[in-house]
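Asker: what follows is a predicted structure for the sequence shown.
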Amino acid sequence: MKNHKKAEYTILFIENKLMEHLEEIQETATKKVEEIIKSLKEQSDLTEEMKNTNQLYWVGMMNNFKNQAEEIVYNEIIYK
C-alpha cells in the first residue's frame, strides 16, 4: 500500500486509521481464503477419511487449495 497507493496510505496514516484499515483487510482476506478452501474441498470430494488413509495426498491437495485461495484473494482484495 505504501508503494502503490501512496495517497490513500498517507491519508490513513495521518488520520490514525491505518492499522484499523489493515486489520480489516486482514480479517476479510482470512475469511475469504477459508471460504474458498472449503468450497474447493467440497468440489473435489476430498474427505476427512482420506486424511487418515492417504495423508500425503490429502496434505498436498489442501496445500494446493490454500495456494489457489490465497492467489484469488490477493487479486480480489489485496492488490485491488
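Answerer: Done, it's in.
Asker: when you work out contacts or count neighbours from here on, use the C-alpha atoms and nothing else.
Answerer: Noted.
Asker: where does the protein have low pLDDT?
Answerer: Across the chain, not a single residue meets the criterion (pLDDT under 70).
Asker: quick one: the helices in this protein?
Answerer: 6-14, 18-44, 48-53, 55-73 (DSSP state H).
Asker: in CSV, list these along with mean neighbour count.
Answerer: Output for these, formatted as CSV (neighbours: other Cα atoms under 10 Å):
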stretch, mean neighbour count
helix 6-14, 13
helix 18-44, 14
helix 48-53, 11
helix 55-73, 16
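Asker: any chance of these in CSV, with distance to residue 80 too?
Answerer: Listed next are those as CSV, based on distance: least, Cα to Cα, whole Å:
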stretch, distance to residue 80
helix 6-14, 13
helix 18-44, 11
helix 48-53, 35
helix 55-73, 10
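Asker: residue contacts, the residue nearest the centre of the chain?
Answerer: Residue closest to the mean C-alpha point of the chain, counted by Cα atoms, centre = their mean, is residue 33 at 3.6 Å. By Cα atoms under 8 Å, 6 or more residues apart in numbering, the residues touching residue 33 are 66, 69-70, 73.
Asker: for residue 79, find the nearest of the helices of the chain.
Answerer: The closest of the helices of the chain to residue 79 is helix 55-73. By Cα to Cα, the value is 8.7 Å.
Asker: how far out from the middle of the chain is that closest one?
Answerer: Computed by Cα atoms, centre = their mean, to the nearest Å, the separation of helix 55-73 from the middle of its chain amounts to 11 Å.
Asker: tilt between that helix and helix 18-44?
Answerer: Per axes from the mean of the first three to the mean of the last three Cα atoms, to 10 degrees, the angle that helix 55-73 makes with helix 18-44 is 130 degrees.
Asker: before we move on, back to that, could you dump the contacts of residue 33 to JSON lines with distance to residue 54?
Answerer: Below are these laid out as JSON lines (distance: Cα to Cα, whole Å):
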{"residue": "66", "distance to residue 54": "18"}
{"residue": "69", "distance to residue 54": "23"}
{"residue": "70", "distance to residue 54": "24"}
{"residue": "73", "distance to residue 54": "29"}
